[in-house]
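Engineer: Dropping the sequence and predicted coords here.
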Amino acid sequence: MSDRRSTCEVAIVGAGPAGLAAACVLAGKGVDVVVLDEQQTPGGQVFRGIEKVNATRPSDLNPLGASYGAGIELVRRFRESGAYYRPGTSVWEITSDQEPELALGLVENGATQMLYPRHIILATGAMERPTPFLGWTLPGVMTVGAAQTLLKSSGLLPGNDVVLAGTGPLLYLYANQLIGMGITPQAILDTRPSATWGTYLSGLNALLACPGAVIQGSRWMHDAKRQVEATSHVTNLRAKGDDRLRSVSYQSAGRLYDMATALLLVHDGVISNTWLSMSAGLTHHFDSLQGCWVPDIRGVGITSRESISMVGDSVGIAGAEVAMLQGERVAHEVLGQLNDIGGAQPLPEPAALKRQRRLRRFLDRYFPPTSQFQLPVDDDTIVCRCEEVTAGEIRSVAARGCMGPNQAKAFTRCGMGPCMGRKCAATVSQLMAQVHDMSVGDIGHYRIRPPLRPITVGQLADMPIRHGPSDGAPAAATIYDTLAPGENPNR
Ligand SMILES: Cc1cc2nc3c(=O)[nH]c(=O)nc-3n(C[C@H](O)[C@H](O)[C@H](O)COP(=O)(O)OP(=O)(O)OC[C@H]3O[C@@H](n4cnc5c(N)ncnc54)[C@H](O)[C@@H]3O)c2cc1C
């Protein structure tokens with residue numbers, strides 16, 4: 001028998017800044033709230049491993065940056081909030097709105113279970129934008145985000161021959177974190193196009209709104225370029241080698257270059273993680289400025305299913321500060337919904353939120369998605385890493401009349417591997433839109449179906465069956481509720 005509760009008032013998926021801020025407010029108001037996250041400790045992407053770093057590697061806090069250290073206070077408040085925290089728990093399903101009950105499918109320590117909340121808040125954050133180019137599947141090519149994860153969680157650093165390629169704030173933040181820890185990358189190959197006057201004007205607006213953030217970002221770029229050999233307007237990036245990465249070739253100002261390296265880290269910004277929200281049947285639209293799909297939201301975080309709210313980077317990339325502010329606001333909105341007062345008490349929008357929006361408008365324009373990764377020119381570029389489907393195959397099936405990404409799955413098996421399309425969905429939709437001369441919004445996205453995480457037939461078969469409201473008993477009478485609300489073994 002599971003020792004885990006199977007009911008609660010609010011389930012929050014994601015223990016990043018958005019989910020933690022929401023949990024603190026809800027638990028503070030006495031709501032029975034459960035926070036689920038597949039990471040082992042709270043903090044999400046931005047504050048990943050913060051408690052461990054603070055306790056065991058405090059000297060790393062300085063090079064990781066003040067904005068990282070700021071997470072300690074939020075995580076401490078969360079630990080003391082009384083919210084029930086279930087780390088190491090992946091959510092692989094949200095039942096559809098056709099089902100009689102709202103439920104989440106969980107897998108924890110290899111065991112599956114359903115959790116039946118009254119309300120769900122999805123705070124699933126962001127993931128890195130796919131960066132397909134020739135050779136990107138070779139061992140020795142990784143994303144900057146993956147390397148930063150290793151740095152935060154285990155203190156792992158690359159060697160000095162590491163090359164950083166692509167663009168975006170995270171690339172420059174990571175370069176500075178490395179330099180602060182004594183590693184000087186061999187090169188930065190920046191793929192960002194020249195900024196327009198309109199972008200600089202928007203930069204001025206951002207500077208007036210959030211001077212600290214703009215100055216800090218400029219300093220990251222300036223310091224990294226001062227200490228690392230940096231090349232701008234890089235095109236035709238290729239990773240070369242037979243069994244593993246040996247060198248990187250690229251073009252800049254009309255000349256071709258080749259650079260020996262054993263590790264290439266690539267980054268092209270982050271996009272909203274909408275896998276759970278899409279699988280739950282929520283409506284979404286394509287945000288052409290951020291180049292990603294986002295859920296339709298009204299109020300602070302109300303989605304097309306009233307019992308599911310969303311917040312943080314999963315509703316559009318906005319950063320950790322906005323995630324925290326909105327996390328608190330969405331919690332108040334949910335309180336209104338739970339008490340059936342129709343969201344009548346939304347917190348007013350703080351001035352800080354309006355200022356952050358002006359900053360984001362600039363960042364979206366200054367770091368647009370890199371066109372060579374969005375639409376790989378070379379047909380031999382692998383797009384779907386799991387099933388090894390190339391850009392040429394996608395273009396070819398589109399030219400033969402395949403009208404969308406879901407049909408392309410049947411033609412090529414793209415998006416049908418273990419990552420379930422996370423690494424290719426954006427590219428496949430872009431390529432098909434290009435061939436059909438349509439917008440990505442009209443071409444559509446893979447239909448996302450549970451299970452979102454690989455689970456076995458045995459795990460499904462062993463899942464405890466609920467004895468709850470659907471068969472007449474009250475919700476609290478589930479036979480798996482062995483812990484009282486508020487009793488939290490993970491604190
Ligand atoms: C790889 C990466 C590194 C980043 N590094 C930085 C940085 O150093 N500095 C910075 O300012 N910003 C960084 N960002 C951006 C940053 O993530 C966001 O601005 C901020 O953390 C958003 O907060 P959030 O609460 O919305 O989501 P997140 O902090 O991303 O938290 C989302 C949480 O949801 C969990 N989750 C998602 N799906 C599931 C599921 N199915 N089941 C269970 N749990 C799930 C994840 O494990 C994660 O902990 C990074 C983004 C990425 C993708």
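Structural biologist: Thanks, I have the structure now.

Engineer: now the strands: where do they sit in the stretch 201-350 of the chain?
Structural biologist: Listed in chain order, the strands of the stretch 201-350 of the chain (DSSP state E, counting those that start in this stretch) span residues 229-231, 235-240, 247-252, 255-260, 264-268, 270-272, 284-287, 292-295, 308-310.

Engineer: Mind putting those strands into CSV with mean pLDDT?
Structural biologist: Below are the strands of the stretch 201-350 of the chain laid out as CSV (pLDDT from 0 to 100):
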stretch, mean pLDDT
strand 229-231, 97
strand 235-240, 98
strand 247-252, 98
strand 255-260, 97
strand 264-268, 98
strand 270-272, 97
strand 284-287, 97
strand 292-295, 97
strand 308-310, 98
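
Engineer: So which of those is nearest residue 84?
Structural biologist: With Cβ to Cβ as the measure, strand 308-310 is the member of those nearest residue 84 (18.3 Å). Every residue, glycine included, has its C-beta placed from N, CA and C.

Engineer: And the contacts of the closest one?
Structural biologist: Strand 308-310 has contacts (Cβ atoms under 8 Å, 6 or more residues apart in numbering) with 94, 102, 119-123, 277, 280, 282, 295, 297, 300-303, 330, 333-334, 337.

Engineer: Filter these to keep only those in contact with the ligand.
Structural biologist: Restricting the contacts of strand 308-310 to those adjacent to the ligand (criterion: Cβ under 6 Å from any ligand atom) gives residue 123.

Engineer: hang on, the earlier thing: so which of the strands of the stretch 201-350 of the chain gets nearest residue 137?
Structural biologist: When the strands of the stretch 201-350 of the chain are ranked by proximity to residue 137, the top entry is strand 235-240, at 8.5 Å, counting by Cβ to Cβ.

Engineer: Report the inter-axis angle for that closest one versus strand 264-268.
Structural biologist: Per axes from the mean of the first three to the mean of the last three Cα atoms, to 10 degrees, the angle that strand 235-240 makes with strand 264-268 is 140 degrees.

Engineer: just checking, what packs against strand 235-240?
Structural biologist: Contacts of strand 235-240 with other secondary structure elements, assessed using 3 or more Cβ pairs under 8 Å, 6 or more residues apart in numbering; DSSP states H and E, are made with strand 247-252, helix 371-374.

Engineer: could the ones you listed be laid out in a markdown table, adding mean neighbour count and distance to the ligand?
Structural biologist: As requested, the helices and strands packed on strand 235-240 are arranged in a markdown table below (neighbours: other Cβ atoms under 10 Å; distance: least, Cβ to the nearest ligand atom, whole Å):
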| stretch | mean neighbour count | distance to the ligand |
| --- | --- | --- |
| strand 247-252 | 19 | 21 |
| helix 371-374 | 20 | 16 |
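
Engineer: okay if I get these as a markdown table plus distance to residue 229?
Structural biologist: As requested, the helices and strands packed on strand 235-240 are arranged in a markdown table below (distance: least, Cβ to Cβ, whole Å):
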| stretch | distance to residue 229 |
| --- | --- |
| strand 247-252 | 12 |
| helix 371-374 | 21 |
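
Engineer: So which residues on the chain come close to the ligand?
Structural biologist: 13-19, 36-39, 44-46, 67, 90-91, 123-128, 145, 148, 170, 173, 270, 273, 276, 312-314, 319-320, 323, 452.
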